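> Sequence and predicted model, in that order:
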Amino acid sequence: MKLGDLAKRLGAELVAGDGSGAETEVTGVAGIEQAGPSQVSFVANPKYAGLAKTTRAAAVIVEPGFGVVPGATLRVENPYLAWSRTIEIFHPPLKYEPGIHATAVVAASARLGARAHVGPYVVVGDGCVIGDDAVLLAHAVLYPGVKVGDRFLAHAHAVVREGCVLGNDVVLQNGAVIGSDGFGFAKGPEGHWMKIVQAGPAVLENSVEVQANACVDRASVGETRVKAGAKIDNLVQVGHGCEVGEDSLLCAQVGLAGSTTLGKNVILAGQVGTAGHQTLGDGVVAVGQAGLHGDIPAGSMVGGSPSMDYKLWLRMTAALQRLPELVRQMRASKAKE
């Protein structure tokens, strides 16, 4: 592909550098330090800006106001998004031909939309309804009564339990489980734990992605709902009766205890946990390993366990490192009294 053609596809301004113009042939993408003269790279983090001056890349995707560098630049408002699109141009997703593999088991009462690809050992249960252009890869399982929209992609070993509802453009990565039983038990008169039936479905709205080995539990009553555009990372637990707001991000190993409600555009970094029966307002950001308790107002940024305002947590963390010296000074002062 010509560099000029790539610029047009990205809607970027090509600023030519030494020897790199619109006719330069580009064949792929690579990191800023590894890129060669036929590859494209990008810089979004300012700490890597200096590398743009020394890279061998054919061009670097940058913001419009990025400084002058010797090589060519593709200047665009959102370099990270443009980088994502560039990767996809050179590494397009695999295409799967329509058809049902001979080893797949599809119930007679199930309805598959047009152009479905059903791979080896897939199981589609009674009464399932699946939209157009679905791709179910090896060993994916849909329990009875599942309803799925168009362009569904289930990678190998993904599971959707009975009665769950998924919208359009939902992606389940390997081992994702949607609608597994919520953790509900009641102690009987003899002290044994008795299972509470988890009758409510899990609902994933349009453009939700659930990544590898993450779980979205079903509720005993009502539903567990993940709203449109939310993304759930590997090994995340969404407990029974939770609601995840639109375009929220749950990063690796996040755990939502039952009946947690997240607003829109919430970001929970790795290993954040909630106490349950709490509400996080729109735009809340929790840094890694924060332990969240109580309702948190919209727009808050929190850290620590138990969680607190992020700036206060930073000050406390800095002070904690000085604690041994402060204790030593205090003891020395008392010894002089």
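Cool, the structure landed. Numbering: from 1, shown residues only.
> what's around Arg322, how many residues?
Neighbouring residues of Arg322 were enumerated by other C-beta atoms under 10 Å; the total is 10. Backbone N, C-alpha and C define where each C-beta goes, glycine included.
> swap in Val15?
By other C-beta under 10 Å, the residues close to Val15 number 18.
> For it, which non-adjacent residue is closest in space?
When the adjacent residues along the chain are set aside, Val15 lies closest to Thr73, with 4.8 Å between them (C-beta to C-beta, 6 or more residues apart in numbering).
> That neighbour touches Gly65, doesn't it?
No: the pair Thr73 and Gly65 does not pass the contact test of C-beta atoms under 8 Å, sitting 11.1 Å apart.
> residues contacting Ser109?
Applying C-beta atoms under 8 Å, 6 or more residues apart in numbering to Ser109 gives the contacts Asp126, Gly127.
> Between Thr73 and Gly65, point out the one with more neighbours.
Neighbour tally, Thr73 and Gly65, criterion other C-beta under 10 Å: the higher count belongs to Thr73, 28 against 6.
> which residues are in contact with the host helix or strand of the residue nearest to Val15?
Secondary structure assigned from DSSP states H and E places Thr73 in strand 72-75. Applying C-beta under 8 Å, 6+ apart, the contact partners of strand 72-75 are 3, 6-7, 10, 12-17, 20-21, 24, 40, 52, 58-64, 66, 82.
> partner strands of that strand, parallel or antiparallel?
For strand 72-75, the paired strands and their directions (DSSP bridges) are strand 13-15 (antiparallel), strand 59-62 (parallel).
> Using CSV, please lay out these together with mean pLDDT and distance to Ala252.
Rendered in CSV, the data for the strands paired with strand 72-75 read as follows (pLDDT from 0 to 100; distance: least, C-beta to C-beta, whole Å):
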stretch, mean pLDDT, distance to Ala252
strand 13-15, 94, 36
strand 59-62, 95, 26
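> I'd like these laid out as CSV, including distance to Asn206.
Supplementary listing: these in CSV, determined by distance: least, C-beta to C-beta, whole Å:
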stretch, distance to Asn206
strand 13-15, 33
strand 59-62, 29
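> Point out the most buried one among those.
By mean neighbour count, with neighbours taken as mean count of other C-beta atoms under 10 Å, strand 59-62 ranks first of those at a mean of 27.
> mind checking the SS state of Asn213?
Under DSSP: H, G, I helix; E, B strand; the rest coil, Asn213 falls in the coil class.
> and it, how many neighbours does it have?
Other residues within reach of Asn213 by the criterion other C-beta under 10 Å amount to 14.
> and the gap between the residue lying closest to Asp150 once chain neighbours are set aside and Glu162?
Beyond its immediate neighbours in the sequence, the residue positioned closest to Asp150 (C-beta to C-beta, 6+ apart) is Gly131, lying 3.7 Å away. Per C-beta to C-beta, to the nearest Å, Gly131 is found 19 Å from Glu162.
> higher neighbour count, the two?
For Gly131 against Glu162, the residue with the higher neighbour count under other C-beta under 10 Å is Gly131, and the figures read 21 against 17.
> wait, isn't that one in contact with Asn168?
Yes: shown here, Gly131 and Asn168 form a contact pair, counting by C-beta under 8 Å, at 6.8 Å.
> what about Leu51, neighbour count?
Summarising burial for Leu51: neighbours were counted as other C-beta under 10 Å, giving 17.
> mind saving the C-alpha coords of the lengthiest helix in the chain as CSV?
As far as residue count goes, and with DSSP state H defining each element, the longest helix of the chain is helix 323-336. These are the backbone C-alpha positions of helix 323-336, laid out as CSV (Å, rounded to 0.1, in the frame of the first residue of the first chain):
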residue,chain,number,x,y,z
LEU,A,323,6.4,6.4,58.4
PRO,A,324,9.4,4.3,59.7
GLU,A,325,11.7,7.4,59.8
LEU,A,326,9.0,9.4,61.5
VAL,A,327,8.6,6.7,64.2
ARG,A,328,12.3,6.6,64.7
GLN,A,329,12.5,10.3,65.2
MET,A,330,9.6,10.2,67.6
ARG,A,331,11.2,7.5,69.7
ALA,A,332,14.5,9.4,69.7
SER,A,333,12.7,12.5,70.8
LYS,A,334,11.0,10.7,73.7
ALA,A,335,14.3,9.1,74.7
LYS,A,336,15.8,12.6,75.2
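> and Gly291, how many residues sit next to it?
Residues near Gly291, counting by other C-beta under 10 Å, number 16.
> Enumerate the beta-bridge partners assigned to it.
Beta-bridge partners, per DSSP bridges, of Gly291: Gly273.
> Look up how far Gln278 lies from it.
Distance from Gly291 to Gln278, counting by C-beta to C-beta: 12 Å.
> show me the contacts for Asp181.
Gln198, Asp217, Arg218.
> State the pLDDT value of the residue nearest to Val15.
Thr73 is assigned a predicted lDDT (pLDDT) of 93.
> for Glu190, same thing?
Model confidence at Glu190, expressed as pLDDT, equals 93.
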